[in-house]
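A.B. asks: Quick check, what structure comes out for this input:
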Amino acid sequence: MRSSRSNRKKSLVLVVAAALAGAGLGLPTTTASAAERAAATACDAPDSRIYQVPAAVPDRPGSVIACRQTSLPQVPGNIPQQAWKVQYSTTDNAGRPAAVSGTVVVPKAAWKGAGSRPVVAFNPGTLGLGSQCAFSKQLAGAFQDEYEGENIAALLKAGYAVAATDGPGYLDGQTHPYVSGADAGHALLDIVRSAPALPGSGLDARTKVGLWGYSEGGAASLWAAQLAASYAPELNVVGDASGGVPGDLKVVAKGLNGGAFAGFLVDAVVGLAASHPAMPFEELLNDQGRDTVKKAKSLCLVGTVTTLALQKLENNTTGGLGLEQIYALKGSDGRTWGQVIDEQKLGAGVGRKGAGARYEIGFPVLQYRGLAEEVIPTATQDATRKSYCASGISTRWKLYPGEHLTTDQLAVSDTVGWLGDRFAGRPELGNCLLP
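C.D. replies: Below you'll find the predicted structure:
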């Protein structure tokens with residue numbers, strides 16, 4: 001298994017190298033049915049049920065809607081574990097109830113640390129918009145091109161439970177709201193809320209919680225960190241680790257448009273349009289644009305990179321609209337596209353606990369990136385770190401000698417150790433004094 005996974009990762013790296021060389025969410029009602037509550041209690045829902053849009057969504061975020069026990073062949077190491085696929089309730093960026101899928105896994109080995117077993121809320125990096133790309137499907141054996149099974153294995157070996165969200169928009173007929181901050185942050189916090197309710201999980205709702213993600217997942221985990229105090233104040237979050245963070249989407253978009261990784265920009269446009277239906281979108285597309293969107297919605301990671309490389313927004317829009325022209329367009333709610341995208345900016349309005357900031361963070365944060373980063377402009381990653389340091393939040397910064405994909409793996413051991421220090425209550429003063 002390890003050799004097979006290693007070969008798959010090498011294949012992903014080769015795809016990235018080759019690309020360089022070539023260079024609506026449903027709105028159900030809000031009251032859960034008796035049948036759905038019974039299915040959640042029994043935890044014996046059929047696999048297809050996990051990905052069906054429910055007839056109703058509970059008003060309480062983190063409620064289990066459906067669940068089933070599963071195995072995770074894509075998590076290496078043969079670690080004795082109990083795992084569940086779960087559908088749970090969350091809140092979208094407009095404050096409406098929504099349903100999300102994910103995976104919860106608990107090691108069978110007894111927890112030997114102080115207190116109850118900690119939980120790490122994990123958000124995967126970019127996997128693509130296709131419904132087949134959902135992290136929970138891939139971990140359970142429907143492999144496409146996921147690359148973070150080792151991250152999950154490292155957490156389990158350390159004794160921690162893992163609550164890994166797929167992120168919103170992977171239920172049947174939906175579109176993943178790629179890079180929509182509030183949608184992602186809420187979903188990550190809410191899978192932690194749901195985990196203790198799974199029969200046999202043995203998890204304590206008051207236990208210590210760590211947040212972790214890289215790339216798209218890094219943006220999601222940092223959004224969860226920013227929203228935790230206001231959205232999920234009962235969770236005992238003790239630290240967040242976020243790597244490869246696309247902090248300012250305008251900077252990222254400029255770097256991606258027309259380049260080797262333009263597929264990620266396409267996903268961002270499609271995802272933000274799905275999560276912000278008041279904004280103009282379909283009417284802006286020409287024939288090529290409609291074909292590009294159709295392709296993006298069907299692809300996972302490798303297909304996104306290879307099939308959509310070199311796409312330019314100007315070639316996909318009526319009148320050849322560029323980024324600045326699109327930013328100026330208004331939606332039916334009066335906001336411009338530029339305002340919507342600015343709302344996704346990380347590090348803006350953050351402050352330490354008690355500072356009166358819009359987003360107060362009362363725990364340490366780890367941020368990291370690769371020295372050979374080629375996908376997300378380093379300027380925006382560095383700027384996010386500087387914003388956190390300037391706000392007084394205890395922030396540790398680390399650089400790795402890798403490009404975007406390999407840095408995710410290079411950071412695993414350090415990140416698991418850093419989270420372990422947070423669970424053990426060790427102090428973290430950060431290293432903001434470093435240049």
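A.B. asks: rest of the way, CA atoms for contacts and neighbours
C.D. replies: Will do.
A.B. asks: where exactly do the helices run in the stretch 101-250 of the chain?
C.D. replies: 135-139, 149-157, 181-194, 216-231, 249-256 (DSSP state H, counting those that start in this stretch).
A.B. asks: With the stretch 251-400 of the chain instead?
C.D. replies: Per DSSP H, counting those that start in this stretch, the stretch 251-400 of the chain carries helices over the ranges 262-275, 287-296, 301-307, 313-316, 323-327, 337-342, 378-390.
A.B. asks: contacts for the fifth one?
C.D. replies: Helix 323-327 is contacted from outside by Lys254, Leu313, Thr336, Trp337, Gly338, Gln339, using C-alpha atoms under 8 Å, 6 or more residues apart in numbering.
A.B. asks: Report the buried members of the residues you listed.
C.D. replies: Leu313, Thr336, Trp337, Gly338 (16 or more other C-alpha atoms under 10 Å).
A.B. asks: Need those residues in CSV (columns: distance to Pro277 and pLDDT).
C.D. replies: As requested, these are exported to CSV (distance: C-alpha to C-alpha, whole Å; pLDDT from 0 to 100):
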residue, distance to Pro277, pLDDT
Leu313, 19, 96
Thr336, 12, 98
Trp337, 11, 98
Gly338, 15, 98
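A.B. asks: can you count the residues close to Gly200?
C.D. replies: 11 (other C-alpha atoms under 10 Å).
A.B. asks: Would you mind measuring from it to Val120?
C.D. replies: Separation of Gly200 from Val120 (C-alpha to C-alpha, to the nearest Å) stands at 18 Å.
A.B. asks: Please apply the same query to Gly169.
C.D. replies: 22 Å.
A.B. asks: cool, and Thr406?
C.D. replies: Thr406 sits 22 Å away from Val120, going by C-alpha to C-alpha.
A.B. asks: Check Val106 too.
C.D. replies: To Val120, Val106 is 10 Å away according to C-alpha to C-alpha.
A.B. asks: Need the residues touching each of these two.
C.D. replies: Contacts common to Val106 and Val120, judged by C-alpha under 8 Å, 6+ apart, are Tyr160, Ala161, Val162.
A.B. asks: about what we covered before: of all the helices of the stretch 101-250 of the chain, which one is nearest Gly77?
C.D. replies: The closest of the helices of the stretch 101-250 of the chain to Gly77 is helix 149-157. By C-alpha to C-alpha, the value is 7.0 Å.
A.B. asks: Report all helices and strands that the closest one contacts.
C.D. replies: strand 97-107, strand 161-165, helix 412-423 (3 or more C-alpha pairs under 8 Å, 6 or more residues apart in numbering; DSSP states H and E).
A.B. asks: For it, what does the pLDDT average out to?
C.D. replies: Per-region confidence: helix 149-157 scores 98 on mean pLDDT.
A.B. asks: closest to Ala328 out of the helices of the stretch 101-250 of the chain?
C.D. replies: Among the helices of the stretch 101-250 of the chain, the nearest to Ala328 by C-alpha to C-alpha is helix 249-256 (12.8 Å).
A.B. asks: what angle separates that closest one from helix 378-390?
C.D. replies: If you take axes from the mean of the first three to the mean of the last three C-alpha atoms, to 10 degrees, helix 249-256 sits at 160 degrees to helix 378-390.
A.B. asks: So for helix 249-256, mean pLDDT?
C.D. replies: In the prediction, helix 249-256 has an average pLDDT of 98.
A.B. asks: Which residues does that helix contact?
C.D. replies: With C-alpha under 8 Å, 6+ apart as the test, helix 249-256 has contacts from 246, 262, 264-265, 323, 341-342, 344-345, 375-377, 380.
A.B. asks: do that again at 6 Å, thanks
C.D. replies: Ala262, Ile376 (C-alpha atoms under 6 Å, 6 or more residues apart in numbering).
A.B. asks: got the buried residues for it?
C.D. replies: Leu249, Lys250, Val252, Ala253, Gly255, Leu256.
A.B. asks: pull the CA atoms of it into CSV?
C.D. replies: Provided in CSV are the C-alpha atoms of helix 249-256 (Å, rounded to 0.1, in the frame of the first residue of the first chain):
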residue,chain,number,x,y,z
LEU,A,249,-7.8,35.9,-3.7
LYS,A,250,-7.2,39.0,-5.9
VAL,A,251,-3.4,38.4,-5.7
VAL,A,252,-3.9,34.7,-6.3
ALA,A,253,-6.2,35.3,-9.3
LYS,A,254,-3.8,37.6,-11.0
GLY,A,255,-1.1,35.0,-10.6
LEU,A,256,-3.2,32.1,-11.9
